[in-house]
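J.: Any chance you could fold what I've pasted below:
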Amino acid sequence: MAAPALRAAVENCMQWEQYDTAIFLAERLFSEDPSPETIQLLAQCHFRSGHHSRAYSLLKGQTSLECRFLFARCCYLLNKLQEGELALTGALFPGSTTELKELNNTNGAAYALLGDICRSSSRSDHAIDCYRRSLEQNPFLWTSFEALCSLGARPDANEYFSVSDVKIDRLVDQLATSAADHSGVGPSVTTIISDAPLSYARGTPDIVVDTPGVPSAFKTPLLPGGTPTTPGIGSFSLAGSGATAPVPSALGSPMPWSYETPSPSGAAVTPDVPPGHTPKGPQTSVRRSSRIAKSAAKDGPLVRSRGIRLFSSRKDKGKEPSKLKEASTTKPQKKQKQHLGAADAAAAADPELIDGGSLTGVGRSRWSASTTSVDSVGLKESMVVALGLLEQLGAAMTANADFRCTEAIELLRALPQAHLNTGWTYCNIGKAYFELSKYKEADAAFRMARRLEPFRIEGMEIYSTTLWHLRQESALSYLAHEVTAADRDAPESWCVVGNCFSLQKEHDAAVKSLERAVQLDPSFAYAHTLLGHEYISNEDFSKALECFRSAVHHDARHYNAWYGIGMIYFRQERFELAEYHFQLAVDINPSSPILLVYLGLAQYDQQKAELALQNLDRAKELDNEHALVQFNRAMILAALDRNEDALEELQVLAIRAPKESSVYYLMGKIYRKLGQGDKALMLFSWSSDLDPKGNNNSIRDAINKHLPVEDDDDLDPLPLPLPDI
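T.: Below you'll find the model as predicted:
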């Protein structure tokens, strides 16, 4: 029967990402053994190769949890949200979530997927509930925590990542059970456990990993250790051939494991190694104690397998290959026990571990027990450290999502050095500075992120807007070249290109680039927002409004889109609607001085001068050096006849922005109002010298809208030209 060999070959091809070959072999396997397991394996081959619609067709109607989960993943990627939800829950998600016990067997993955489906169908409350459940089951599901932050749920990092003995024991148990139950849904958790740098003691029990449908002669034992002289990269040998292939290491370092393949007759194919000779090879990077090294040198090299088990058999020194099964099912002699070690003796005494079919019942309990004994200290201690790290990262993420940017920066800079010096950390620091309108500091953080991870695409759309604000045309052009060379199919790349064209005043080209970003990812809210700002530049307010509303549809907390809608109404002098949308943006991000400035201006134009001044004062508390805040606050103060306060504000601003003609023009208007014509004339002259081409005539016209030359009784505030946010 070719099914076991085909299954092992399919899994090996998938491990090495040979998906076309894996699909062909999986089709042969399904033809020989049409069963739900082979359908799932074939669908998995199609899914990993990107053929989601083919996997969807294969899995439709399957009833096992693993098949339904993969089917729901396909539905989510194909935007068949209702069908995916039905596959997971059996019914549409109810108004109040009930306990779905079957989903608890997925270690939180099913609830995370269900949360994604609910979020995409604009049911934020249900999505938040699902994400919380997924984190309660598995706190390592970081994307669920990120989703809670972006939905405004304000998750408490301490609640999900706090350390307790009960939680640690449950997580260790969870990993072991998942490895034992694993049947092809996602990467094997056994790999995670076997890759952990553990401190083995001599006599550690063997871990035998079972593959359903594979004869006992093909079972692969998981043996601890290996000598420092063991070859760093193992190999598997196809029966009857001399070809070998290296075994990868998830840790990025050579691991002393190899695959052994029995011959078709049942005899194990083993390399010809002289007795007592240790094969030479690269030194392993896994730390071994001297006791283990001596033990391995004495007993011979130990063989350990990882990942997908294929064509492997146990080597028993002193046994004839043809008698391997017989020897494994009979009680070994005392001398053999001593030679094999306590673990091998225990395995030999229990036929289920070597010949015993599936890892259920006693077999599963012994697998879990042996895993715990192997890793009772190392894995638990590692989990304590990992959860502590996630708690720090979670606290910073929550602060950043809640726009407590200064606090987020402090938390991120307090990370251990190894995690501070990463692209992810510096990108988040840059985003925090960006929200504070500290663009130079944001530029420095993003440049550090690019230096550490030149391949990083995530966050580059924010970096490009930072460079847009700083008017760094050459740096933005270079960034656009770099990101498009790295990944032309990422929406972030086209956002960078769009910002580059926008800074060069090529708005039509910017629109085309941003439309490409929206085409690549229709749910990318920031691309919709940037596209809306480009339409505003082209005076196409109807299309701009559509873009901003699309952004809000995909992300209701995207304050930039609410600000964009408010800007359209503000320019149309529909100040009541402008105030409403500016207020929505401020409610989401109360730490933005720009939002408070525009809210104040919309209120002033509705004769709410005192309320407007309160918002300008709040903006000044947030950033007392922001030119936009100082300029507009001075105008409102002058409009309220607080001329001395207005002049004091403008004099400070003139020192910080000595080449801004609008500042001198407004100062001249105030001096003229106070009857000091000589000073007013001097300031008007300076303003004209700084702007001989009249680039700021629109600002002057707006200031003069309610202040003609004959009547100096009124001043109308108007903001300086403001970049898009």
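J.: what about the strands in the chain?
T.: Here the chain has its strands, by DSSP state E, at 207-209, 220-222, 235-237, 244-246, 261-262, 268-269.
J.: Least reliable of the ones you listed by average pLDDT, please.
T.: Mean pLDDT is lowest for strand 235-237 among the strands of the chain, at a mean of 35.
J.: which residues touch the residue nearest to residue 41 when sequence neighbours are not counted?
T.: Using C-beta to C-beta, 6 or more residues apart in numbering and skipping residues adjacent in sequence, the residue nearest residue 41 is residue 26, 5.4 Å away. Using the backbone N, CA and C atoms, a C-beta is placed for each residue, glycine as well. By C-beta atoms under 8 Å, 6 or more residues apart in numbering, the contact set of residue 26 is 6, 10, 38, 41, 42, 45.
J.: and the residue nearest to residue 475 when sequence neighbours are not counted, how many neighbours does it have?
T.: Leaving out its chain neighbours, the residue that sits closest to residue 475 by C-beta to C-beta, 6+ apart is residue 467, at 5.3 Å. By other C-beta atoms under 10 Å, 25 other residues sit near residue 467.
J.: May I have the predicted confidence score for residue 559?
T.: 96.
J.: separation between residue 653 and residue 440?
T.: Distance, residue 653 to residue 440, using C-beta to C-beta, to the nearest Å: 18 Å.
J.: Just want to know which of the two has more residues nearby.
T.: residue 653 (23 against 11).
J.: Let me know the pLDDT of the residue lying closest to the more buried one once chain neighbours are set aside.
T.: Nearest residue to residue 653, sequence neighbours excluded (C-beta to C-beta, 6+ apart): residue 630, at 4.5 Å. Reported pLDDT at residue 630 in the predicted model: 91.
J.: what's the answer for the one 10 residues further on, then?
T.: You'll see residue 640 listed with a pLDDT of 86.
J.: Now the phi/psi pair for it, please.
T.: Here is the backbone geometry of residue 640 (degrees, to the nearest 10): phi -90, psi 10.
J.: Next, count neighbours for the residue nearest to it when sequence neighbours are not counted.
T.: Among residues not flanking residue 640 along the chain, residue 609 sits closest, at 5.7 Å (C-beta to C-beta, 6+ apart). Burial of residue 609 is recorded as 17 neighbouring residues (other C-beta under 10 Å).
J.: Check the one 10 residues further on too.
T.: By the criterion of other C-beta under 10 Å, residue 619 has 25 neighbours.
J.: Could you check how far residue 674 is from residue 554?
T.: The gap separating residue 674 from residue 554 is 52 Å, by C-beta to C-beta.
J.: so where's this protein uncertain?
T.: Counting by pLDDT under 70, the ranges of the chain that qualify are 91-101, 176-377, 693-725.
J.: which helix in it runs the most residues?
T.: In the chain, taking DSSP state H as the definition, the longest helix is helix 378-401.
J.: just to revisit the earlier point, any chance of the contacts of residue 26 in CSV, with distance to residue 432 and neighbour count too?
T.: As requested, these are arranged in CSV below (distance: C-beta to C-beta, whole Å; neighbours: other C-beta atoms under 10 Å):
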residue, distance to residue 432, neighbour count
6, 53, 21
10, 47, 28
38, 50, 22
41, 45, 22
42, 46, 23
45, 43, 27
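J.: Among the residues you listed, which one sits closest to residue 497?
T.: Nearest to residue 497 out of the contacts of residue 26 is residue 45 (C-beta to C-beta; 35.5 Å).
J.: contacting residues for that closest one?
T.: Counted by C-beta under 8 Å, 6+ apart, residue 45 has contacts 10, 14, 19, 22, 23, 26.
J.: Now render the residues you listed as JSON lines, adding distance to residue 156.
T.: Converted to JSON lines, the contacts of residue 45 look like this (distance: C-beta to C-beta, whole Å):
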{"residue": "10", "distance to residue 156": "44"}
{"residue": "14", "distance to residue 156": "39"}
{"residue": "19", "distance to residue 156": "41"}
{"residue": "22", "distance to residue 156": "43"}
{"residue": "23", "distance to residue 156": "45"}
{"residue": "26", "distance to residue 156": "45"}
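J.: List just the nearest of those to residue 583.
T.: residue 19 (51.7 Å).
J.: That closest one - nearest residue in space that isn't next to it in sequence?
T.: In this structure, residue 19 finds its nearest non-sequential neighbour in residue 49, 3.7 Å apart by C-beta to C-beta, 6+ apart.
J.: What of residue 683?
T.: Setting aside the residues directly before and after it, residue 683 is nearest to residue 668 in space (C-beta to C-beta, 6+ apart), at 3.5 Å.
J.: pretty sure the one you found is touching residue 677, no?
T.: No - using C-beta atoms under 8 Å, residue 668 is not in contact with residue 677; the gap is 9.7 Å.
J.: Just want to know which of the two has more residues nearby.
T.: residue 668 (21 against 11).
J.: Quick one: residues contacting that one.
T.: When contacts are counted by C-beta under 8 Å, 6+ apart, residue 668 touches 679, 680, 681, 682, 683, 684, 687.
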